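Asker: Fold the following and give me the result.
(2 chains)
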Amino acid sequence: MTTDMSVEVGGLKLKGPVLAASGTFGYGTEVPLLERRALGAMVSKGIFLRPRAGTPPPRIVETPSGMLNAIGLQGPGVEGLIRDYAPQWAQWDFPVLVNINGETAAEYGELAARLDGVPGVAGFEINISCPNVEQGGLYFGNDPRAAAAVTEAVRKRTDLPVWVKLTPMVTDIGVIARACEAAGADALSAINTFVGMSIDLNTRQPRLSFRTGGLSGPAIRPLAVHLAHQAARAVSIPVIGIGGIMGAEDALEFLVAGCAAVQVGTATFVNPSVIAEVHDGIAAYLTSHGFTSLAELPRYLPRD
Amino acid sequence: MFLLEAPLVARREVGRGMFVLSLDAPQIANSVRAGQFVNLGWSPGPLLRRPFSVYRTEGDRIEVILKAVGAGTAQLLAMTVRDTISCLGPLGHGFEIPSPRRGEGQGEGRGARSVALVSGGLGVAPMPLAARAARAAGMSVTWVHGARSVDELCSEADGDEVIWATDDGSRGFAGTAVSAVPETDMVLACGPNRMLAAVAMRWPDAQVAVETYMGCGTGVCLGCAVPLERGGYDRACKEGPVYRAADIDWSVLPAHLAYAISA
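Answerer: Here you go, the predicted model:
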């Protein structure tokens, strides 16, 4: 008996609930070993209108059960993405969303307009939560009015699915979630990395050149499950859970906590076949508990 | 690129606290080139894999060289023969060494008859494979290996001429490995970034294998950024870890890392 793992998330019909998180899968073309068989969708590395060099090294440091990164959204800019990557995406059997970034709401809108209709681009994930850029990024994710303004700027320029990636660095994620929903988001990705810092005691300087970085990995998982759950309780659009998923049981926690799907990120660095393993593990859990589809999985989502 | 569960088959000590681990990894052993690396994961171990230059190959086995520089490498050294280590590789772009047959060499080093392999400490890691490739190309190999003192040297060497260098003069030349290098047609170097910056000053065309922190090892995370003289960054794990020395902006590449590419 095969388990029906398909799921509809924010305007896209996906063959499974396990997605590749932005910034951890590159543009999907780099690693021949990266397991694509079970991939529900891929979210591209974050892109700006123009090419960006990124931050000086060191850019990453391992921390207990996690890692800090400050890459600074290095990338080829939208024209490079359209030229070099989108044509490959158009051949694939799963959708690719582009993670879009800007310093102003208008720049997000321009990016969406430029990418709308490009073959291979199935939708957008608005990044209002990158901790590693000087302008924009996290700022838009902290303020419900700014979050809504960016969402609206993108919504007006495209009919493709629009997801918004939320930051955990807020007092009440529900407020931001509702603002994005009201501004026209089709789904929410929760959450991006936490802002963290690590000090080298030999130099007595921060280990990262950017001073701070985004914390990911299993260290943040319980925090992420809680925040994704809070977001899911606040809105009626789907929430995609993200944060420290290393295996199927981790993903199932997010799903039971109210998420429609999940994204796997840091684990991909360690295990190139993790997406397929998580997908298969979820299916095995459903089967062994007597469910014939993912849709039958009971969610723990009490309404206020 | 292969992902293997590689059994640990042997271990030997080659310096004070410096060990060579031998892993059964046939596909990697048969395809790795000098200067390429493997990204190893072990359990219990750290979250991220750790990159190691391939030190030697022997039949279906690959060797890596390391010291315990942190909790992760201590766990790796505590493993026993027949334990398995997850091995991803070969990764990266290795040294450009002219092919054995005359006239087929490409890029740097074309027509070279002699090469100096210059290493500091664990920077010895890529040199045995480089020596083998250079000798196959008909070059004479000068092996120059340095450390702070005699017990920090790697005792294994492979050159037609072998030069030892120690900062304290406890073995061989008293001074840095770089200052001990004789005249050769070509220079390949690996060691602390500070040493490689000195290499770049003396031989702009030298090929150097740099050390950086690394996340994925496969080009997706952009964590191992190497600052370039022409501006911007590329990836030690993909375009590197071997670069033309003068192509790196040494003022931006961190001189000191708490753990190294080879550790």
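Asker: For stretch A:290-299, give the mean pLDDT please.
Answerer: For stretch A:290-299, mean pLDDT is 96.
Asker: List the buried residues for it?
Answerer: A:291, A:294 (16 or more other CB atoms under 10 Å in any protein chain shown). The C-beta positions use only the backbone N, C-alpha and C, and glycine is treated the same way.
Asker: just stretch A:247-264 next, same as before
Answerer: A:247-248, A:250-264.
Asker: Now the terminal residues of that stretch, how far apart.
Answerer: Terminal residues of stretch A:247-264 lie 9 Å apart, using CA to CA, to the nearest Å.
Asker: same deal with stretch A:24-32?
Answerer: 14 Å.
Asker: residue ranges with poor pLDDT in the chain?
Answerer: Just so you know, I chose chain A. Along chain A, segments meeting pLDDT under 70 span A:1, A:33-34, A:134-137, A:304.
Asker: actually it's chain B I care about, not the one you picked
Answerer: Using pLDDT under 70, the flagged stretches of chain B are B:100-110, B:256-263.
Asker: where along it do the helices fall?
Answerer: All helices of chain B, identified by DSSP state H, fall at B:26-29, B:71-77, B:127-136, B:193-202.
Asker: which residue sits closest to the most centrally placed residue in chain B, ignoring its sequence neighbours?
Answerer: Nearest to the geometric centre of chain B sits residue B:126, at 3.3 Å (CA atoms, centre = their mean). In this structure, residue B:126 finds its nearest non-sequential neighbour in residue B:53, 4.2 Å apart by CB to CB, 6 or more residues apart in numbering or on different chains.
Asker: Throw the helices of chain B into a markdown table and include mean neighbour count and distance to residue A:226, thanks.
Answerer: Converted to a markdown table, the helices of chain B look like this (neighbours: other CB atoms under 10 Å in any protein chain shown; distance: least, CB to CB, whole Å):
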| stretch | mean neighbour count | distance to residue A:226 |
| --- | --- | --- |
| helix B:26-29 | 19 | 42 |
| helix B:71-77 | 17 | 29 |
| helix B:127-136 | 23 | 49 |
| helix B:193-202 | 19 | 41 |
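Asker: Figure out which of those helices is closest to residue A:181.
Answerer: Closest to residue A:181 of the helices of chain B, according to CB to CB: helix B:71-77, at 43.1 Å.
Asker: which strands and helices sit next to the closest one?
Answerer: On a contact count with 3 or more CB pairs under 8 Å, 6 or more residues apart in numbering or on different chains; DSSP states H and E, helix B:71-77 meets strand B:50-53, strand B:61-67.
Asker: Counting by contacts, list what the first one packs against.
Answerer: Think strand B:50-53. Using 3+ CB pairs under 8 Å, 6+ apart: strand B:50-53 touches strand B:37-41, strand B:61-67, helix B:71-77.
Asker: who does that strand pair up with?
Answerer: strand B:37-41 (antiparallel) (DSSP bridges).
Asker: Show me the contact partners of the strand it pairs with.
Answerer: For strand B:37-41, the external contacting residues (CB atoms under 8 Å, 6 or more residues apart in numbering or on different chains) are A:270-271, B:25, B:28, B:32, B:49-54, B:62, B:64, B:76, B:85-92, B:214, B:216-218, B:237, B:241, B:261.
Asker: start to end distance for stretch A:174-189?
Answerer: Per CA to CA, the first residue of stretch A:174-189 is 13 Å away from its last.
Asker: Run the chain-centre distance for that stretch.
Answerer: 15 Å (CA atoms, centre = their mean, to the nearest Å).
Asker: Which positions in it come out as buried?
Answerer: Neighbour-count burial for stretch A:174-189, counted by 16+ other CB under 10 Å, picks out A:174, A:176-181, A:183, A:185-189.
Asker: near chain B too, which of those?
Answerer: Applying CB under 8 Å from any CB of the partner chain, the subset of those adjacent to chain B is empty.
Asker: Tell me which two of those residues sit farthest apart.
Answerer: Pairwise distances across the buried residues of stretch A:174-189 (CB to CB) peak at 18.0 Å, for the pair A:174 and A:186.
Asker: and the residue of chain A most remote from its centre, helix, strand or coil?
Answerer: In chain A, the greatest distance from the average C-alpha position (CA atoms, centre = their mean) is reached by residue A:202, at 34.9 Å. Recorded secondary structure, residue A:202: coil (DSSP: H, G, I helix; E, B strand; the rest coil).
Asker: Would you quantify the distance from it to residue B:122?
Answerer: 18 Å (CB to CB, to the nearest Å).
Asker: What of residue A:46?
Answerer: 35 Å.
Asker: Buried ones in stretch B:135-151, by neighbour count?
Answerer: Residues B:135, B:137, B:139, B:140, B:141, B:142, B:143, B:144, B:145, B:146, B:147, B:150 are the ones in stretch B:135-151 that count as buried (16+ other CB under 10 Å).
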